[in-house]
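Novice: A predicted structure for the sequence below; I have some questions about it.
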Amino acid sequence: MAAARAADPQQLAAAVEAAISSRSARLGRAAHARALRMLAPSVPPFICAHLVNLYSKLDLPGAAAAALAADPNPTVVSFTAFISGAAQHGRPAPALSAFAAMLRLGLRPNDFTFPSAFKAAAAAPPRSAAGPQVHALALRCGYLPADAFVSCAALDMYFKTGRTALARRLFGEMPNRNVVAWNAVMTNAVLAGRPLETVEAYFGLRAAGGAPNVVSVCAFFNACASTAYLSLGEQFHGFVVKCGFEKDVSVSNSMVDFYGKCRRVEKARAVFDGMGVRNSVSWCSMLVAHAQNGEEEEAFSVYIGARRAGEEPTDFMVSSVLTTCAGLLGLDLGRALHAVAVRSCIDANVFVSSALVDMYGKCGGVGDAEQVFFEMPQRNIVSWNAMIGGYAHIGDARSALAVFDDMITGGETAPNYITLVNVLTACSRGGLTKEGYELFETMKQRFGIEPSIEHYACVVDLLGRAGMEERAYEIIQQMPIRPSISVWGALLGACKMHGKTELGRIAAEKLFQLDPQDSGNHVLLSNMLASAGRWAEATDVRKEMKNVGIKKDPGRSWIPWKNVVHVFHAKDTKHEMNNEIQALLAKLKGQMQAAGYMPDTQCALYDLDEEEKESEVFQHSEKLALAFGLIRIPPGVPIRIMKNLRICVDCHRAFKFISGIVGREIIVRDNSRFHHFKNYECSCNDYW
């Protein structure tokens, strides 16, 4: 019987190790209960160490601390297991507290304890002295700088805590710089936005006779991706193939990411298609490569391919494909992905939730965006910006300012330059000129954010929409940076809106210098002159466009129905339902005129008689798309129309009348914002 009991501790230790291997807390607790039942009151120290290791690795901090406290004679092995587990799971405070407790007991840290302590110190609060203190102790114990394992951990800690000078000094003192040390320099340089330093470190490794490993190769590709060093990355690709690294899935993933960021999607696809083994990161990298290059449909196809290949949706995958839905204005697709996120229990993830808010906001579903936003258990800067941006898309400036105020008063998240761009945009589209201008004037003083070119474009648009074009022009002349296309474009658009033709000409000439091939600027100038009745000058602009080979991007509107996108151009007669569309438009015209509608013939940009002008404006592409939607889309379902140009004044007025006459909700997304028409009104309150 005694012999059987003597053998039990070894069996229990094996059971605990099996629980660790299978990551089973149930098996681990069963082994723990068995140890207490069979070995109490004196559980051997090595069993206690196994139990601490078990609970630490399974991320059960309470049980790990209890197991450590229950050990009457804890060893350095037990403490190291606890410190390592806490550090690996992002709990630096208990890890460092255990390290201090171990020292108070007179236990000497070993070459496994110090790396874990350095990892915890790397995640400690800013300006913590824990890292240098651990470093000093490692020096006294003789592990630094001779022990390469401990030195690399200290080096990584200094980089991650922003003590770059100390990291470089330690690196210079290391007598044995192995590939892990060079990798620490390379990976941390990439993370800190110093890609050139990564490239230099890689060549330093090679010059020192070191052989790169998978981590080195991935860091090099990440550096090339960050700086769009296409040629260097392509050369390195050849080296990778020669050395056989391309068979590693992490290296292939890095190459897909590199080519995607360098706008070589076809090469990214070639690497992806040639992969023998793919993981979730592979699919996500290919998906993002398409999304980053404006290929939203291809990105969504990659997502479908991943699901068919058996990949479970991850937070990164779902948030990435939600971003593509925002680019596609695919509200139905976005809702389907929202359901996937809920089923996969990742909808509460801050990145997925933020992507949902962004998708709903950009697709015009601000109510859905609000529901997700206000139910989020935690928010980051992306969440706040997405919600404010969603309000900006529909011109709801009051709500945007309310959320912005909540963000400021909460104090947990500081605004960044994107936040202020979104708030200024909302104020511009919502007519809150005073509030927006005051924010622009005080943004540096209040938030420490220097106005960038985007902020100047917003404030020019803000003032221009309010009819203060001269003040906007003064701001442009006083800008400390060179005005961009967006700045002059905002001024030209405002001049077109308010008939300020002379100032508009100045803005147009500046745009012609900056981007002579953009047809939109020429068309805007021509339309402005035509609206003012200056037909000869408008014709001259059109002739000049033709002479220099500039082609106008035709206005078009499109409407999805039953997985088919129906596209319409102005005066389009090619659609198979043209007869029904024209009949419905004629009927609506009579009903609208009976309700008080009068066509705005200023939107007819040709020198025609009044009757011809009325006919002209009633054949705009958005009206054709609306008639199709009214015929095909069942009552009760909102009609969603997308347009590549700004909706004209007459169509805007007509849509308000039609929404009331037919009792339908009409949503139009033009190249600037959303318009929600319902009951003879528009969400923009006629300010857009």
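Specialist: Nice, I can see it.

Novice: looking only at pLDDT, what's the mean for the host helix or strand of residue 428?
Specialist: If you go by DSSP states H and E, residue 428 is part of helix 417-430. Taken as a whole, helix 417-430 has an average pLDDT of 95.

Novice: Let me see the residues that make contact with that helix.
Specialist: 381, 384-385, 388-389, 391-392, 395-398, 400-401, 404, 407, 432-433, 435-436, 439-440, 443, 447, 449, 452, 454-455, 458-459, 461-462, 465, 672-673, 684, 687-688 (CB atoms under 8 Å, 6 or more residues apart in numbering). No exception for glycine: its C-beta is placed from N, CA and C like everyone else's.

Novice: Only the buried residues of it, if you could.
Specialist: Buried residues in helix 417-430, counted by 16 or more other CB atoms under 10 Å: 418-430.

Novice: which of the contacts of helix 417-430 are buried?
Specialist: Burial of the contacts of helix 417-430 was assessed by neighbour count (16+ other CB under 10 Å); the buried members are 381, 384-385, 388-389, 391-392, 395-397, 400-401, 404, 407, 432-433, 435-436, 439-440, 443, 447, 449, 454-455, 458-459, 461-462, 465, 672-673, 684, 688.

Novice: Which SSE is immediately downstream of the helix holding residue 428?
Specialist: Per DSSP H and E, the first helix or strand lying C-terminal to helix 417-430 is helix 433-447.

Novice: how much does that following helix deviate in direction from helix 417-430?
Specialist: Between helix 433-447 and helix 417-430, the angle comes out at 170 degrees (axes from the mean of the first three to the mean of the last three CA atoms, to 10 degrees).

Novice: contacting residues around helix 433-447?
Specialist: 397, 401, 414-415, 420, 423-424, 427-428, 449-451, 455, 458-459, 462-463, 465-466, 468.

Novice: One more: stretch 225-232?
Specialist: Outside stretch 225-232, the residues that reach it (CB under 8 Å, 6+ apart) are 190, 193, 195-196, 199, 223-224, 233, 254, 257-258, 260-264.

Novice: Show me which of the buried residues of helix 417-430 is closest to residue 564.
Specialist: residue 429 (31.5 Å; CB to CB).

Novice: What are the boundaries of the helices in the stretch 351-500 of the chain?
Specialist: 366-375, 381-394, 397-410, 417-430, 433-447, 453-465, 469-478, 485-498 (DSSP state H, counting those that start in this stretch).

Novice: Let's have these in TSV, adding distance to residue 560.
Specialist: What follows is the helices of the stretch 351-500 of the chain, written out as TSV (distance: least, CB to CB, whole Å):
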stretch	distance to residue 560
helix 366-375	18
helix 381-394	19
helix 397-410	28
helix 417-430	25
helix 433-447	34
helix 453-465	30
helix 469-478	37
helix 485-498	28
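
Novice: which one of the ones you listed lies closest to residue 284?
Specialist: helix 381-394 (17.3 Å).

Novice: Okay, now the unreliable bits of the stretch 301-450 of the chain?
Specialist: Within the stretch 301-450 of the chain, the stretches with pLDDT under 70 are 327-329.

Novice: shaky segments in the chain?
Specialist: Short version for the chain, where the test is pLDDT under 70: 1-28, 30-43, 45, 327-329, 547-553, 600-616.

Novice: Around residue 682, how many other residues sit close by?
Specialist: 22 (other CB atoms under 10 Å).

Novice: What backbone torsions are found at it?
Specialist: When quoted as degrees, to the nearest 10, the phi and psi of residue 682 stand at phi -120, psi 150.

Novice: Thought residue 655 was touching it, still the case?
Specialist: Yes. Judged on CB atoms under 8 Å, residue 682 makes contact with residue 655 at a distance of 7.3 Å.

Novice: which neighbours do the two share?
Specialist: Going by CB under 8 Å, 6+ apart, residues that sit against residue 682 and also against residue 655 are residue 675.

Novice: rewinding a little: looking at the helices of the stretch 351-500 of the chain, spot the one closest to residue 280.
Specialist: helix 381-394 (21.3 Å).

Novice: Off-centre distance for the closest one?
Specialist: Helix 381-394 sits 12 Å away from the centroid of its parent chain (CA atoms, centre = their mean, to the nearest Å).

Novice: same check, this time on stretch 320-337
Specialist: Using CA atoms, centre = their mean, the mean C-alpha position of stretch 320-337 is found 13 Å from that of the whole chain.

Novice: and if you look at stretch 314-324?
Specialist: Distance, centroid of stretch 314-324 to centroid of chain: 9 Å (CA atoms, centre = their mean).

Novice: CA atoms only: put that stretch into CSV for me.
Specialist: C-alpha atoms of stretch 314-324 as CSV (Å, rounded to 0.1, in the frame of the first residue of the first chain):
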residue,chain,number,x,y,z
THR,A,314,-12.6,35.5,-36.6
ASP,A,315,-12.8,39.0,-35.2
PHE,A,316,-10.2,40.3,-37.7
MET,A,317,-11.9,38.5,-40.7
VAL,A,318,-15.4,39.8,-39.9
SER,A,319,-14.2,43.3,-39.2
SER,A,320,-12.2,43.4,-42.4
VAL,A,321,-15.1,42.1,-44.6
LEU,A,322,-17.5,44.6,-42.8
THR,A,323,-15.2,47.3,-44.1
THR,A,324,-15.6,46.1,-47.6
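
Novice: name the element the nearest residue to residue 292 once chain neighbours are set aside belongs to?
Specialist: Leaving out its chain neighbours, the residue that sits closest to residue 292 by CB to CB, 6 or more residues apart in numbering is residue 260, at 5.7 Å. Per DSSP H and E, residue 260 falls inside helix 249-261.

Novice: Also residue 285?
Specialist: Going by DSSP H and E, residue 285 is part of helix 280-292.

Novice: Can you say which helix or strand has residue 560 in it?
Specialist: Short version, using DSSP H and E: residue 560 is in strand 556-561.

Novice: following that strand, which helix or strand comes up?
Specialist: For strand 556-561, the following helix or strand on the C-terminal side (DSSP H and E) is strand 564-569.

Novice: Only the buried subset of the contacts of stretch 225-232, as a PyMOL command please.
Specialist: The following PyMOL line selects those of the contacts of stretch 225-232 that are buried, judged by 16+ other CB under 10 Å:
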select buried, resi 190+195+199+223+224+233+254+257+258+260+261+262+264
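
Novice: ok, the contacts of stretch 225-232 vs residue 644, which is closest?
Specialist: Set against residue 644, the nearest of those by CB to CB is residue 263 (22.9 Å).

Novice: any idea whether the closest one is helix, strand or coil?
Specialist: When classified by DSSP: H, G, I helix; E, B strand; the rest coil, residue 263 comes out as coil.

Novice: Would you mind measuring from the closest residue to it other than its chain neighbours to residue 523?
Specialist: In space, and not counting its chain neighbours, residue 263 is closest to residue 293: 5.8 Å by CB to CB, 6+ apart. Using CB to CB, to the nearest Å, residue 293 is found at 27 Å from residue 523.

Novice: Kindly report the same for residue 262.
Specialist: In this view, residue 262 and residue 523 are 33 Å apart by CB to CB.

Novice: next one: residue 418
Specialist: With CB to CB as the criterion, residue 418 and residue 523 are 30 Å apart.

Novice: Looks like residue 77 contacts residue 49 (just checking).
Specialist: Yes. Using CB under 8 Å, residue 77 is in contact with residue 49, at 4.6 Å.

Novice: Same drill for the two, tell me which one is more crowded.
Specialist: With neighbours defined as other CB under 10 Å, residue 77 and residue 49 compare such that residue 49 has more, 24 against 19.

Novice: you'd agree that one is in a strand?
Specialist: No. Per three-state DSSP, residue 49 lies outside any strand segment and is helix.

Novice: And the strands in this protein?
Specialist: For the chain, the strands defined by DSSP state E cover 556-561, 564-569, 639-643, 666-669, 674-678, 681-682.

Novice: And those strands: which comes nearest residue 268?
Specialist: For residue 268, the closest of the strands of the chain is strand 564-569, at 26.6 Å, according to CB to CB.

Novice: and that closest one, C-alpha only, in PDB?
Specialist: Provided in PDB are the C-alpha atoms of strand 564-569 (Å, rounded to 0.1, in the frame of the first residue of the first chain):
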ATOM      1  CA  VAL A 564     -28.900  42.700 -59.900                       C
ATOM      2  CA  VAL A 565     -27.700  46.300 -60.000                       C
ATOM      3  CA  HIS A 566     -29.800  48.400 -62.400                       C
ATOM      4  CA  VAL A 567     -27.800  51.400 -63.700                       C
ATOM      5  CA  PHE A 568     -29.400  54.500 -65.300                       C
ATOM      6  CA  HIS A 569     -28.000  57.500 -67.100                       C
END
